[in-house]
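*Asks:* okay, predicted coordinates and the sequence, questions at the end:
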Amino acid sequence: MTNDALSNLLTENRTFPPPEGFAANANEKAESYGRADADREAFWAEQAERLSWDTKWSRVLDWSGAPFAKWFVG
């Protein structure tokens, strides 16, 4: 097998949209991508509010130990 053939096998450009019924019952809709892109931390804070927490977190994302991130600190 040549390198070109192997590289070709590592590239996947097809997409497989979900059936309409499945997408209609999803927890999140397509507009969620825009909200997440606009403000990632606010989006995830909103999602975290949907869960029950024994102790609510005080910070959504802590990058102080980069490259390691901590989510929902506190």
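*Replies:* Everything's here; your move.
*Asks:* for the chain, where's the lowest mean pLDDT among helices and strands?
*Replies:* Taking mean pLDDT, DSSP states H and E as the measure, helix 3-9 is the helix or strand of the chain with the lowest mean score, a mean of 73.
*Asks:* so where do the strands sit in the protein?
*Replies:* Here the chain has its strands, by DSSP state E, at 59-65, 68-73.
*Asks:* distance to residue 41 added to those, as TSV?
*Replies:* From N, CA and C alone the C-beta is placed, and that goes for glycine too. Converted to TSV, the strands of the chain look like this (distance: least, Cβ to Cβ, whole Å):
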stretch	distance to residue 41
strand 59-65	4
strand 68-73	10
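*Asks:* could you dump the ones you listed to JSON lines with mean pLDDT, mean neighbour count and distance to residue 52?
*Replies:* As requested, these are exported to JSON lines (pLDDT from 0 to 100; neighbours: other Cβ atoms under 10 Å; distance: least, Cβ to Cβ, whole Å):
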{"stretch": "strand 59-65", "mean pLDDT": "96", "mean neighbour count": "13", "distance to residue 52": "17"}
{"stretch": "strand 68-73", "mean pLDDT": "96", "mean neighbour count": "12", "distance to residue 52": "13"}
